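Chemist: Quick one, what's the 3D model for this:
(chains A and B)
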Amino acid sequence: MNDIIIKNITRIIIPFAQMYGIFIILNGHISPGGGFAGGAIIGTTLILYTLVFGREKGKKKFSHKMSEISESGGIMLFVIIGMIGMITAGAFLSNLSGGFPQGQLGEILSGGFIPILMIGIGIKVTSTMISLFNLLIDEEKL
Amino acid sequence: MKNVIANILFIVLFIILVIAIFEMPTSPSTNAPAYNDVVDYYVEEGADETNASNLIAGILADYRGFDTLGENIVLFTSVVAVGSVLRSTKYDKEVKDNE
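Modeler: Sure, this is the predicted structure:
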């Protein structure tokens, strides 16, 4: 898309939208939101970037290699956290009984492993959205 | 013949589903099957046991953590399925062009 208005507006909007997505992911355990909603917002900004600036520039921001790593990394983070609970408490994904720090209720560092799981889900949803979009747009070019 | 059997089966299933819809509770009541002890337990003990002030996140990530892992695996499977279909054709075309 070769339009100077769209390009400039996109440049201005994307940092704010991505910041908002990160905020939603990190505050998933104290306010409405969470990994799925925040990941969808960040994935949408990456799709917007690819639509406006073209696939070649979008490839530099989020390549196939990167999507492979984050795609499996989100699940691996989830499973490793579950395995830690398995070792310490004897049950898969055991939270506070598994020795994760409890924290102060309502603070950003609270709820044991819930923030870490939210980050994992956010990475997963982001990479799923952008990977599906990239796969489809690559097919169209041929 | 096959079509007739399939159509009859479809109509019977459709009637069963419509009857099931009319059997559902129309207004929120405490006698609904979905309202049981689990709801009270989550509301009363959720904040203490998970220490997350967003109760939904506590249920999704802590009580039903295994379910959320399954959702993640569904997303992963969707990407793998689309990639295996679309990327393989691209690879075949590249191989054909090089020959």
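Chemist: Against A:Val125, how distant is the residue nearest to the spatial centre of chain B?
Modeler: In chain B, the C-alpha nearest the mean C-alpha coordinate belongs to B:Glu71, at 7.9 Å (CA atoms, centre = their mean). Separation of B:Glu71 from A:Val125 (CB to CB, to the nearest Å): 10 Å. No exception for glycine: its C-beta is placed from N, CA and C like everyone else's.
Chemist: can you list the residues of chain B near chain A?
Modeler: Contacts of chain B with chain A, taken as CB under 8 Å from any CB of the partner chain, map to B:47, B:49-54, B:56-58, B:60-62, B:65-66, B:68-69, B:72-73, B:75-76, B:78-79, B:82-83, B:86-87, B:89-90, B:93.
Chemist: Distance from stretch A:7-25 to the middle of the chain?
Modeler: On the basis of CA atoms, centre = their mean, to the nearest Å, stretch A:7-25 sits 14 Å off its chain's mean C-alpha point.
Chemist: All the helices of the chain, in order from the start?
Modeler: By default, I'm working from chain A. Applying DSSP state H to chain A gives helices spanning A:4-26, A:35-53, A:55-61, A:64-89, A:114-141.
Chemist: my bad, the chain I had in mind was chain B
Modeler: For chain B, the helices defined by DSSP H occupy B:2-23, B:37-50, B:55-58, B:65-98.
Chemist: nearest to A:Ile14, of these?
Modeler: helix B:65-98 (23.0 Å; CB to CB).
Chemist: follow-up on the earlier one: any idea how far the residue nearest to the centre of chain B lies from A:Ala40?
Modeler: 13 Å.
Chemist: Equivalent analysis for A:Gly54, please.
Modeler: Distance, A:Gly54 to A:Ala40, using CB to CB: 23 Å.
Chemist: One more: A:Ile5?
Modeler: Distance, A:Ile5 to A:Ala40, using CB to CB: 26 Å.
Chemist: quick one: which of these two has more around it?
Modeler: Higher neighbour count among A:Ile5 and A:Ala40: A:Ala40, with 16 against 7, using other CB atoms under 10 Å in any protein chain shown.
Chemist: Spit out the contact partners of that one.
Modeler: A:Gly21, A:Val125, A:Met129 (CB atoms under 8 Å, 6 or more residues apart in numbering or on different chains).
Chemist: ok, which of those residues also contact chain B?
Modeler: Okay, of those touching chain B (CB under 8 Å from any CB), that's A:Val125.
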